[in-house]
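[1] A structural model of the following input is requested.
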Amino acid sequence: MPHLTDYTPSSELVPMAQRPIPDPMIVDRVIDMIAEAEKPIVLAGRGALRSGAHRRSRRWPHSRAHCSRHRCSARACSTGNPYALDIAGAFASDFSRERFAEADLVIGVGAALGHYTTEGGYLYSGARTVQIDTNPRGLWQGLRTADLHVRADAKAAAEAIVARMKARGVSRAGFRSGDMAETDRG
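    Residues are numbered from 1 along each chain as shown. Below you'll find the predicted structure:
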């Protein structure tokens, strides 16, 4: 057939996968919230695991800003982290529930922050919330998900937040203490 074009593989026609980076002004707002918080918690979901952000968010303790909180498949994110609180929501331990009740800021990284994760909004009802997701939802499963939404890849946002925290000199011990690391969470 004379009118047929040369073969082009579909991989050349499909748009390349991209990691959306966060808006620097929104990152500054997140840093402002962290700077004001006394007891922030990072709640990492499947999006954090898939993007590799769970490895990056472990660096947040180096700037002493967060007590990491992981909700990933098979608890993969929290392995080896002495500050991890384990699972959020209906299966949270009493220890975790107490820490969430004390939290004044919860940053959901690649987590939907839906009804079950937040215990219907009661798990951390006194905390301000930030949701980092490629497609954040204002309402999800009948709940308002966050006070601030960051539309970005979890890893790209974690990298931007860590860099901006260092640049601004923001540091908080929060829950991170020797006592927290040594506490039996049974």
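[2] Quick one: distance of the one helix or strand I41 maps to to the chain centre.
    Assessed by DSSP states H and E, I41 sits inside strand 40-44. Distance of strand 40-44 from its chain centroid, counting by Cα atoms, centre = their mean, to the nearest Å, is 6 Å.
[3] tell me which strands and helices the following helix or strand past that strand is in contact with?
    Following strand 40-44 in sequence order, the next helix or strand is helix 46-51 (DSSP H and E). Helix 46-51 sits against helix 53-57, helix 154-168, with contacts defined as 3 or more Cβ pairs under 8 Å, 6 or more residues apart in numbering; DSSP states H and E. In this view, the C-beta of every residue, glycine as well, is placed from N, C-alpha and C.
[4] right, so of the ones you listed, which gets closest to L13?
    Proximity to L13, assessed across those by Cβ to Cβ, is greatest for helix 154-168 (25.6 Å).
[5] hang on, the earlier thing: mean pLDDT for the helices and strands packed on helix 46-51: which is lowest?
    Averaged per stretch, pLDDT over these is lowest on helix 53-57, reaching a mean of 63.
[6] List the buried residues in stretch 27-36.
    By neighbour count with 16 or more other Cβ atoms under 10 Å, stretch 27-36 contains the buried residues V27, V30, I31, M33, I34.
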